[in-house]
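Enquirer: Need a 3D model of the sequence below.
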Amino acid sequence: MKKTIAYSLIVLTAILSFQSELFAQQHYVIDRSFGETCGMSVITGIPLSLEQIEMFKLSDGSYIQAGDVFDQGLLANLIVLTKFNNDGTVDSSFGINGVVQHRFGNSNSVSCAAMSNDKIYVVGGESPSNAFSSLRAYIGRFNADGTPDATFNSTGSVVELISTNPISGSIYSHIAIQPDGKVIAFGSEVGNINGGAYIPVARRYNFNGSLDNTFHPAITYPGFNSMVGSTGGHSAGVIDANGSIRFLYTINPNLAGQPIEQIVTVKINSMGEPDINYGINGMNGIPVTAYSVNRYFADPQNNIYAQGFVQNGNQSNRVVRIKPNGDADSTFAINGVFDLMEDFNPQNDFGRILHRDSQGRIWSMGGLGQGQSCFGTIYRFDSTATYDLTLNGLGYKTMFEPPFGILFKNAYFENDNEIVVNSINGNGGGISLIKLKLSTEVVTISNAGSDTLCVGAQTSLFVNQPNNCYTYQWKKDGIDFAGLNDTSVTINSTGSYLVLAIVGNDTLISQSVNVFVQICAGVNDVEEQIIFTMYPNPTTNQLFIETNGVAVTEINIYNTLGNLVSQTKQQLNNYIDVSQLARGVYVTEIKTKGASVQRRWVKM
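Expert: Got it, this is the predicted structure:
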């Protein structure tokens, strides 16, 4: 008559110890339940010249993006709106396959976009011919279905010559929507009347598109420095509690033949007049090299955070904090300038998204190029320009989605843990909508049989609720085994088993299951039975082991990952020194000539 030596059921759930450490950090992954295919909805057929400026969430929960694209066939810029449903799928009822392309004139570029009450506003430059001469500032408004809003100046747009004097061109680069629904468009004009220089201008429009002539009748601001052209789209202007408006842009004046970059903030009151108490005549410039500052916002203390990029061999991202009076805030970083760390030798690291969350953390998101692939980038830091190490353990991370990657263009923050991101896929793969979420997903495995087997027996491990989006790789003692993408395996040997679930650059790690294979002893083989005492438990330095006199051939200690951390072939004392082991849960295995037994204990 045979008897299998009794063992405690040991399923070493490494996920608990691993994730207790892991979740002290925050890892954001693509939500694979959002969108059409494994977390991504893609619109193809749009040229790489597409520039997505802003994303908004409509009252019905859907997402709409505004930008422009250069059409090679028409030799013209077109306004582009794309729309996705609230579940992330493409809204096929919107335009053609979720895309609306429109031009009010021959060509319409978009420099800035904003939304109010489901009305989408865009501003930029309109050209009456493909020669792009006589560029004129325009403002347009669209309904949520992508059609021009006929209640706005009857055509959905207003084109401005700005000045009554002959000019060669004008453009709106910023927009601000006031609480009463009136819209301020800010930009510049250029012409012989200005000696060829760009002069800032602003106008305010009523809800019906008519001009509000009570707003800064002079139209131009000769006292403000000229601005450079828009690249990548500007943020909407900041409207302060007292109704004043601040706009931020980059200038590149030529002084003695040497270009000097400056970030300029201008401040006007609610009627459009320069705030004489702000800087010099309503303008303050900071001598900071930051090409194309395109994203900015104001925090509760009225500081402005602005994002641009700088050429340091490669293109890298830069964030500046500006005090309420327009000066650089040196308490934020050196001279108020924070150069974001490059994750790895990028070709182009360009920030597109700047956001402050409910915890006061600053997010900078964008993308970088590496060969023909591109990577979405995320940086997170606090108000002292210190990286938030709870994000991925570094304060920054890159994300890649096969086959060619993604580059983040704009985003809507649902909350601190869910971010809906519009991106361009690498190598012309189209534009996509994804949702990033704080990682809470786990992959678990189960054992169909026993964790302790007699020699010659076997058991099966399987993935619980497998997902077709993932590729599964099993590991035994840290080494790959079994076929790639097997959701179950049959095993008959001792080892520590787990599975990796892989999709894109997201990898989930299951708990470990330890399986022991042993020789099964007979009932009458009393001399082979092991009775031992192990104490103290928990322990700090020494683990005492006393047996009933049976010859012990080996004492092994395993951690909760199933890794062998200590092995004793000959027990010279009645204790084992465990002082060098890290705190945690361990399993001691006592082996004799024909059997083995395990006990769990805790190192304090």
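
Enquirer: give the contact list for residue 247.
Expert: Residue 247 is in contact with 174, 176, 186, 237-238, 265-266, counting by C-beta atoms under 8 Å, 6 or more residues apart in numbering. All C-beta spots, glycine's among them, are computed from the backbone N, C-alpha and C.

Enquirer: Let me see the domain layout of the protein.
Expert: Following automatic domain parsing, one finds the domains of the chain at 1-26+443-524, 527-603.

Enquirer: Could you tell me the least trusted of those?
Expert: Looking at the domains of the chain, the lowest mean pLDDT belongs to domain 1-26+443-524 (a mean of 73).

Enquirer: chain center to it: distance?
Expert: Distance of domain 1-26+443-524 from the chain centroid (C-alpha atoms, centre = their mean, to the nearest Å) equals 33 Å.

Enquirer: Check stretch 399-411 too.
Expert: Here the centre of stretch 399-411 is set off from its chain's centre by 10 Å, with C-alpha atoms, centre = their mean.

Enquirer: Please report how far residue 213 lies from residue 430.
Expert: According to C-beta to C-beta, to the nearest Å, residue 213 stands 45 Å off from residue 430.

Enquirer: higher neighbour count, those two?
Expert: residue 430 (15 against 10; other C-beta atoms under 10 Å).

Enquirer: and the more buried one, what does it touch?
Expert: Contacts for residue 430 (C-beta under 8 Å, 6+ apart) come out as 42-46, 424.

Enquirer: quick one on the thing from earlier: mind checking which of the contacts of residue 247 are in helices?
Expert: With DSSP state H as the criterion, helices contain none of those.

Enquirer: Wait, a strand at residue 573?
Expert: No - according to DSSP: H, G, I helix; E, B strand; the rest coil, residue 573 belongs to no strand; its state is coil.

Enquirer: I'd like to know how far it sits from residue 292.
Expert: 71 Å.

Enquirer: Looking at these two now, which is surrounded by more residues?
Expert: Neighbours were counted for residue 573 and for residue 292 using other C-beta under 10 Å; residue 292 has more, 19 against 10.

Enquirer: That one sits in which helix or strand?
Expert: Using DSSP states H and E, residue 292 sits within strand 291-298.

Enquirer: quick revisit: export the domains of the chain to TSV and tack on distance to residue 105?
Expert: Formatted as TSV, those follow (distance: least, C-beta to C-beta, whole Å):
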stretch	distance to residue 105
domain 1-26+443-524	42
domain 527-603	65
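
Enquirer: out of these, nearest to residue 116?
Expert: Residue 116 lies closest, by C-beta to C-beta, to one member of the domains of the chain: domain 1-26+443-524, at 32.9 Å.

Enquirer: For residue 67, which residues are in contact?
Expert: Residue 67 neighbours (C-beta under 8 Å, 6+ apart): 50-54, 79-80, 110, 113, 233, 409.

Enquirer: meant to ask about residue 298, not that
Expert: By C-beta under 8 Å, 6+ apart, the neighbours of residue 298 are 238, 240, 246, 304-305.

Enquirer: Would you indicate which residues of the helix or strand in which residue 585 is found are buried?
Expert: Using DSSP H and E, residue 585 sits within strand 584-591. Across strand 584-591, burial judged by 16 or more other C-beta atoms under 10 Å covers 585-591.

Enquirer: Let's have the residues you listed in CSV, adding distance to residue 321.
Expert: Formatted as CSV, these follow (distance: C-beta to C-beta, whole Å):
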residue, distance to residue 321
585, 46
586, 49
587, 53
588, 56
589, 58
590, 62
591, 63
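
Enquirer: Going by distance to residue 283, which of the contacts of residue 430 wins?
Expert: residue 424 (34.9 Å).

Enquirer: Can you report phi and psi for the closest one?
Expert: phi -100, psi 130 (degrees, to the nearest 10).

Enquirer: do residue 126 as well
Expert: Note on residue 126: its backbone torsions stand at phi -120, psi 130 [degrees, to the nearest 10].

Enquirer: how about the helices in this structure?
Expert: Ranges of helices within the chain are 14-22, based on DSSP H.

Enquirer: centroid residue for the protein?
Expert: Centroid-nearest residue in the chain, with C-alpha atoms, centre = their mean: residue 378, separated by 4.6 Å.

Enquirer: which stretches of the stretch 151-300 of the chain form strands?
Expert: 157-160, 169-177, 183-190, 198-205, 238-239, 245-251, 254-255, 258-259, 262-268, 283-286, 291-298 (DSSP state E, counting those that start in this stretch).

Enquirer: how about the ones you listed in JSON lines, adding distance to residue 220 and mean pLDDT?
Expert: Formatted as JSON lines, the strands of the stretch 151-300 of the chain follow (distance: least, C-beta to C-beta, whole Å; pLDDT from 0 to 100):
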{"stretch": "strand 157-160", "distance to residue 220": "12", "mean pLDDT": "91"}
{"stretch": "strand 169-177", "distance to residue 220": "10", "mean pLDDT": "91"}
{"stretch": "strand 183-190", "distance to residue 220": "7", "mean pLDDT": "90"}
{"stretch": "strand 198-205", "distance to residue 220": "5", "mean pLDDT": "89"}
{"stretch": "strand 238-239", "distance to residue 220": "21", "mean pLDDT": "95"}
{"stretch": "strand 245-251", "distance to residue 220": "14", "mean pLDDT": "89"}
{"stretch": "strand 254-255", "distance to residue 220": "21", "mean pLDDT": "46"}
{"stretch": "strand 258-259", "distance to residue 220": "24", "mean pLDDT": "49"}
{"stretch": "strand 262-268", "distance to residue 220": "12", "mean pLDDT": "90"}
{"stretch": "strand 283-286", "distance to residue 220": "13", "mean pLDDT": "88"}
{"stretch": "strand 291-298", "distance to residue 220": "22", "mean pLDDT": "83"}
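
Enquirer: Would you reformat these as CSV and include distance to residue 337?
Expert: Converted to CSV, the strands of the stretch 151-300 of the chain look like this (distance: least, C-beta to C-beta, whole Å):
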stretch, distance to residue 337
strand 157-160, 35
strand 169-177, 22
strand 183-190, 25
strand 198-205, 24
strand 238-239, 20
strand 245-251, 14
strand 254-255, 21
strand 258-259, 18
strand 262-268, 10
strand 283-286, 9
strand 291-298, 12
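
Enquirer: Show me where the stretch 301-450 of the chain dips below the pLDDT cut-off.
Expert: 311-315, 342-349, 369-372, 403-404, 426-429 (pLDDT under 70).

Enquirer: from memory residue 216 sits against residue 268, does it?
Expert: Yes - in this structure residue 216 lies within contact range of residue 268 using C-beta atoms under 8 Å: 7.1 Å.

Enquirer: can you list residues touching both of these two?
Expert: residue 202.

Enquirer: List the beta-bridge partners for residue 263.
Expert: In this entry, residue 263 is beta-bridged to residue 250, residue 286, by DSSP bridges.

Enquirer: just checking, it touches residue 284?
Expert: No - using C-beta under 8 Å, residue 263 is not in contact with residue 284; the gap is 9.3 Å.

Enquirer: quick one, which of those two is more surrounded?
Expert: Comparing residue 263 with residue 284 by other C-beta under 10 Å, the one with more neighbours is residue 263, at 27 against 21.

Enquirer: ok, back up a step: quick one: which of the contacts of residue 67 sit in strands?
Expert: Among the contacts of residue 67, the members found in strands (DSSP state E) are 51-54, 79-80, 113, 409.

Enquirer: Neighbour count added to these, as TSV?
Expert: Putting the ones in strands among the contacts of residue 67 into TSV (neighbours: other C-beta atoms under 10 Å) gives the following:
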residue	neighbour count
51	20
52	25
53	26
54	26
79	28
80	25
113	30
409	28
